[in-house]
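Visitor: 3D, please:
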Amino acid sequence: MRLIDTHTHIDYPDFDADRQEVLARSHSGGVSRVLIMGVTRENWSRSWHLARNDERLHAAFGMHPIYLDEHLPEHLVELEEWLDRTASHPKCCAVGEIGLDFFLKDLDRERQQRLLEAQLQLAKEHDLPVLLHVRRAHAAMIATLKRWRLPRAGIVHAFAGSTEEAREYIKLGFKLGLGGAATWPQASRLRRVVASLPVSSLVLETDSPDMAPSFQAYQRNSPEYLPEICRTLADLRGESAEELAQACLHNTCELFGWQADAVP
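Guide: Next up is the predicted model:
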């Protein structure tokens, strides 16, 4: 079983004490590649340094909506400069993590929308997919993506929407990221949706160190848990773990322009 973790924050201090050991365990368990999200200007260089120095890692660059008050207008200029330098490098995979978060009430929605659209424009200009954070904001996000029609689409991270919302994203060319949330038995609505999704639309993720699966409840999440997440989701969907892993590997490589047979 070969897997790609399409969404992590493995650059966070949570992993400073044992990052290499975690990556080694993940790789030995079948996790061939791990994507690191950019969330603020402060973590871009750290993520890039890690990705450049480890064949298992790839980096994305973006400004996350929950850090809205930390993002300054000049950071958009700096993001464009980062992408000018890195977009053609094989270690740069996307613009992300970007998006809309309407769950947190104190985050200004208009400012979020402007920031999102500025970053969608950068993704379009640099021919990169986007990695989306969407919380309580699927209608607004779908409407935005219909206006932008990105040529390379991207991934809706930690998808927890309805079947109808899933269909809209899929029609726009997006993949849906699944991770630990659907391993929890009490997530009954999400589990029903996950079981109904076409396998051609799915990719796997952990969101490490966050969103731990049920079998690691309230502990640090890690890419090393992705094989077990895959097995749990496969059981939920009534298919073999190998079938789900192979389909998600294909979907991920197709999105990022990677050759599946070149993923170790």
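Visitor: what's the closest non-adjacent residue to Arg111?
Guide: Leaving aside its sequence neighbours, Arg111 sits nearest to Leu68 (CB to CB, 6 or more residues apart in numbering; 6.0 Å). C-beta coordinates here come from the backbone N, C-alpha and C atoms, glycine included.
Visitor: Kindly apply the preceding question to Val134 instead.
Guide: Distances taken as CB to CB, 6+ apart place Met141 nearest to Val134, at 4.8 Å, with adjacent residues excluded.
Visitor: what's the answer for Ser162, then?
Guide: Val193 is the one closest to Ser162 (CB to CB, 6+ apart), at 6.6 Å.
Visitor: where does that neighbour land on pLDDT?
Guide: If you check Val193, the pLDDT there is 97.
Visitor: try the one 4 residues further on
Guide: At Leu197, the model reports a pLDDT of 98.
Visitor: Relative to Asp84, how far out is it?
Guide: 36 Å (CB to CB, to the nearest Å).
Visitor: With Ser196 instead?
Guide: Distance from Ser196 to Asp84, by CB to CB: 41 Å.
Visitor: thinking again about what came up before, just the element for the residue nearest to Val134, please.
Guide: Counting by DSSP states H and E, the element that carries Met141 is helix 138-148.
Visitor: next one: that helix to chain centre, how far?
Guide: 18 Å (CA atoms, centre = their mean, to the nearest Å).
Visitor: hang on, Ser32 packs against Arg2?
Guide: Yes - counting by CB atoms under 8 Å, Arg2 is a contact partner of Ser32 at 5.3 Å.
Visitor: what is in contact with those two at once?
Guide: The contact sets of Ser32 and Arg2 overlap at Val263, Pro264 (CB atoms under 8 Å, 6 or more residues apart in numbering).
Visitor: next one: phi and psi at the most far-flung residue of the chain relative to its centre?
Guide: What lies farthest from the middle of the chain is Glu74; by CA atoms, centre = their mean that is 25.0 Å. Note on Glu74: its backbone torsions stand at phi -70, psi -20 [degrees, to the nearest 10].
Visitor: tell me the contacts of it?
Guide: So Glu74 contacts nothing (CB under 8 Å, 6+ apart).
Visitor: residues contacting the closest residue to Gly238 other than its chain neighbours?
Guide: Using CB to CB, 6+ apart and skipping the chain neighbours, the partner closest in space to Gly238 is Ala195 (7.3 Å). Listed by CB under 8 Å, 6+ apart, the contact partners of Ala195 are Leu236, Arg237, Gly238.
Visitor: before we move on, what about Trp258?
Guide: Contacts of Trp258 (CB under 8 Å, 6+ apart): Thr252.
Visitor: The helix or strand His133 falls within packs against which elements?
Guide: Using DSSP H and E, His133 falls within strand 130-135. Judged by 3 or more CB pairs under 8 Å, 6 or more residues apart in numbering; DSSP states H and E, strand 130-135 is in contact with strand 92-101, helix 109-125, strand 154-156.
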